[in-house]
Structures are given as C-alpha cells and as structure tokens.
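requesting a structural model of the entry that follows:
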Amino acid sequence: MAILLVNFGGPRNLDEIEPFLCELLCDRELIRTRLPNFAHNILFKRVAKKRAPKIRPDYELIGGKSPIYETTETIAQELRDKLQLSVLTFHRYLPITHKTSLSAIENCTADKITVFPFFPQFSFATTGSIATLLAKRLTSESLKKLRWIKSYPAHHSFIEAWKRLIRSFLEKHSVQESDAALLFSAHGLPQSFVDEGDPYEKECESTFQAILSAFPNAIGKLAYQSKFGPGEWLRPYTEDASNEIISWCQNRKTVVFIPLAFTSDHIETLFEIEKLYLPIAQSKGLRALRCPALNLSWLDAIVQILQETPLQPTEALLR
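So this is what the prediction gives:
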C-alpha cells in the first residue's frame, strides 16, 4: 500500500505566480465556460498574465510564497516516518511538479494507492478536479490502483483536531468563550455548482455544526470568501459578515476568524483574512484575531482518517 496526498499547491516563489494562476484559471472543473478548450485556454492565459503582477504584492506581504507546498511535503515526510509507507504528493496548480509526480505514481510498485485530499469537504472543483486530471494523465493500470478518501467533513478525529486548535488559540489569547464570536470562513463556490449537485455547501455546514457544538457559550457564523468573477456565489460572503458583525455577534467583544475549509495557511488566510477582513472587524471596535489553519497539527487525525474512511474509485469523484 502507498499513500498519495493531493493539494492545491501554491507558488513557491514569486516567479511561479503566473504559471500557478494559468493552471488554475485553465481548469475547466473550476472555471466553467461554454468556450471550446483552445479558446478558454487562450483567454485565461491572458487573464493570468495580466493578473499575476497585481497579486504579486500580496504574496510579497506573506513572505514571497505560499506555505502550502512546504506544509504538504512536510506532512508527507512525517507520514513516511510514522507509517513506514511510500507517501507521494501531487500539487494540482504547480504544473512544474506534475511530470515528476505523475512519474512517481506510475512507478509506484504498491498494488493500492490511497488518495488523501487536503480538502475536507468534497467539491468537483477541488478533489474532483484532481481526480479528473489524474484520470486523463495516468495509464489505466495506475488509475486502477487509486482508491480515494472522497471527503471527511465530520470525521471525529478531524473535528477533534479543530476543537483542540481553537481551544488552544482562545487560551493563548486570553479569550473567554462567552466573549467570542467565531466567524468560520470557507472558500467560496459558485451557487450554480451547488445547484447542479455539488455537495460542498452541505459538507461545510456539517463541519461548522460539529465544531461549534464544542463551544456552546460562543456565537458562531459560517461564511464564504474568495469570490472571483461574475455570478452568484455561496452566501453569506465573509466580507459582508465582517461588515455586518455588530448585527450578529450578540455583544461579543472578540471575533476569531477560523479558516474552516483550509487545512494549510496560504494567500486566502495570510493575506485575505489577515489584511482584508480583520481590519473590517477592528473598525467596528472589536478585537479581531485569525486562528491559523491546521497546518502540521493534525498528523494523528490524518492517520485515523486514512485508517477509518471507506475508499472509492476514481470514477466516483467525476462529474
């Protein structure tokens, strides 16, 4: 048996921002247009080229790179040491790594490869996108070896990892639960995807309710961030929830932003939450804090999820 960890990936340096954006925007599972593939790719390669210089300063503010790559690779090494198994990685939007990763999967001698996504809540735009790409790029022999953990939104070990992290964070910052407004922020998704049957919203709600149940004296709210492009996305938006916080926080004095659907800190947490949303809450006279993502704190939870979750073939993750 072997394990394959799959994640978004993120630019490891400023020079990788444009190819990262290009790979992301050309992903038809994420950006769905009626254009033929060649026209879609031409258009969004141009968009990526134009967009890259605009977000470069954002990455410069968080250290000139995304931590996702290093976090994923560190967890892979920890699992190799702990389980004494072959642990491979695949970074969806780092095309420079694809050749090496695909070759490693093809050359893996294990008769079964368990695929673990760093996306707790399933969406065809995240885990489904990776399944779609691997279905196109791997040989049929290698593809048959893959058995997927589709999602784990309310798995007890995943929820417990979040509970421990939040409790520790509140204690570290001397925040009483009764004085806390917990704003859980998940990555957004077009409403049309959900209308077509994507389970992401329901699974985010499942995670939210399971975690919040451990903090009965706090007030909690689930919102969605990182909307881009036209059209309606899942609501409420995190920006709106931040602007309207006085109307729902029930006189709490501290708001804690919790990155519900993000297992690794990256541009959406380190820049978007930290630099855009926290100041909004602070402008309302509240103390605003950002709880980190799970990052390296949930290794034992990953092992339990790997051991306890039913596996599915690649076909079960495709639209």
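
sec struct for residue 110, please.
With DSSP: H, G, I helix; E, B strand; the rest coil as the basis, residue 110 sits in coil.

contacting residues around it?
Residues near residue 110 by CB atoms under 8 Å, 6 or more residues apart in numbering: 1, 2, 86, 145. (Each C-beta comes from the backbone N, C-alpha and C, glycine too.)

pretty sure the first one contacts residue 114?
Yes. The pair residue 1 / residue 114 is scored as a contact, 6.6 Å apart, by CB atoms under 8 Å.

who's more crowded, those two?
Neighbours were counted for residue 1 and for residue 114 using other CB atoms under 10 Å; residue 114 has more, 21 against 13.

helix, strand, or coil at that one?
Per three-state DSSP, residue 114 ends up strand.

can you pull the pLDDT of it?
Predicted confidence (pLDDT) for residue 114: 98.

measure it to residue 149 for me?
The gap separating residue 114 from residue 149 is 7 Å, by CB to CB, to the nearest Å.

which ones are touching residue 97?
So residue 97 contacts 9, 90, 91 (CB under 8 Å, 6+ apart).

repeat the analysis, applying 10 Å as the threshold.
Residue 97 makes contacts with 9, 12, 16, 69, 89, 90, 91, as judged by CB atoms under 10 Å, 6 or more residues apart in numbering.

next one: phi and psi at it?
Phi and psi for residue 97, reported as degrees, to the nearest 10, are phi -90, psi -10.

residue 183 now?
According to degrees, to the nearest 10, residue 183 has phi -100, psi 100.

dig out what it forms beta bridges with.
Assessed by DSSP bridges, residue 183 has beta-bridge partners residue 221, residue 257.

isn't it right up against residue 224?
No. Counting by CB atoms under 10 Å, residue 183 sits too far from residue 224 to count as a contact (11.3 Å).

thinking again about what came up before, which residues are in contact with each of residue 1 and residue 114?
In contact with both residue 1 and residue 114: 85, 145, 147, 306, using CB under 10 Å, 6+ apart.

now stretch 193-207: mean pLDDT?
98.

my bad, should have said stretch 143-150
98.

same thing with stretch 231-246?
Stretch 231-246 comes out at a mean pLDDT of 97.

which stretches in the stretch 1-150 of the chain count as strands?
2-7, 86-91, 113-117, 146-148 (DSSP state E, counting those that start in this stretch).

and those strands: which comes nearest residue 255?
Closest to residue 255 of the strands of the stretch 1-150 of the chain, according to CB to CB: strand 2-7, at 28.2 Å.

which neighbours does that closest one have in its sheet, and in what orientation?
According to DSSP bridges, strand 2-7 has these partners: strand 86-91 (parallel), strand 113-117 (parallel).

quick one: which of those is nearest residue 166?
Of all the strands paired with strand 2-7, strand 113-117 comes closest under CB to CB, at 22.4 Å.

and residue 228, what's its pLDDT?
On the pLDDT scale, residue 228 is placed at 86.

determine the number of other residues adjacent to it.
11.

could I get the contacting residues of it?
Contact analysis of residue 228 by CB under 10 Å, 6+ apart lists 25, 31, 51, 188, 190.

mind checking how far it is from residue 304?
Applying CB to CB, the value for residue 228 to residue 304 is 35 Å.

okay, the strands paired with strand 2-7, which one's buried deepest?
strand 113-117 (a mean of 23; mean count of other CB atoms under 10 Å).

off-centre distance for it?
16 Å (CA atoms, centre = their mean, to the nearest Å).

please put the alpha-carbon coordinates of that strand into PDB.
The C-alpha trace of strand 113-117 is given here as PDB (Å, rounded to 0.1, in the frame of the first residue of the first chain):
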ATOM      1  CA  ILE A 113      -2.600   3.800  -3.600                       C
ATOM      2  CA  THR A 114      -4.900   5.500  -1.100                       C
ATOM      3  CA  VAL A 115      -5.500   9.100  -2.100                       C
ATOM      4  CA  PHE A 116      -5.900  11.600   0.700                       C
ATOM      5  CA  PRO A 117      -7.200  15.100  -0.300                       C
END
